[in-house]
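Student: coordinates only, no sequence provided:
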């Protein structure tokens, strides 16, 4: 179960109230992983009752919708709010990676690949590594970029496979049509 501290609840409700609407909920998902921490997507969405398989957490007037694919990895996590430490904070006790292969892949992406594509306003997040397959999500200038598939096959895939021979495939899970500022428009 996800815990939301009183400070976080109050801040979420303050932000929702500032929108002048009473039909908003907080949406939370894990969108990827770094070397030793998860990367989260947290935003306000319309709470229209259509939740699919998502988990709904209610704390008084606050509704938090946890993406179905993230529920297991957020089990036991706590959301807090502390302005001095950067705002909303998620303390997640779950392991970021199940084995050293995932850690190796994350290091290659975060330390070798991302600095190179940052010049194009992009980044790549490892989403998961299992059974020799690396799942990645492209962000920023890479999301929707006309050269994304080339970056993936000619750069990312080659670098990962050269350093981690256990990896046999790279799968892009990016929703490229949602990209708002691609480096090379399609």
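Tutor: All right, it came through fine. Worth saying up front: this structure is predicted, and the values here are computed from it rather than measured.

Student: contacts only, for the closest residue to residue 53 other than its chain neighbours.
Tutor: Nearest non-adjacent residue to residue 53, counting by CB to CB, 6 or more residues apart in numbering: residue 68, 3.7 Å away. From N, CA and C alone the C-beta is placed, and that goes for glycine too. By CB atoms under 8 Å, 6 or more residues apart in numbering, the contact set of residue 68 is 52-55.

Student: which among the residues you listed end up buried?
Tutor: 54-55 (16 or more other CB atoms under 10 Å).

Student: let me have the contacts of residue 68 in TSV, extended by secondary structure, distance to residue 37 and pLDDT.
Tutor: TSV is the format used below for the contacts of residue 68 (DSSP: H, G, I helix; E, B strand; the rest coil; distance: CB to CB, whole Å; pLDDT from 0 to 100):
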residue	secondary structure	distance to residue 37	pLDDT
52	coil	27	83
53	coil	25	90
54	coil	23	93
55	strand	21	93
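
Student: ok, the contacts of residue 68 vs residue 121, which is closest?
Tutor: Residue 121 has its nearest neighbour among those in residue 54, at 30.5 Å by CB to CB.

Student: surely that closest one and residue 64 touch.
Tutor: No: Residue 54 lies out of contact with residue 64 (CB atoms under 8 Å); the separation is 9.8 Å.
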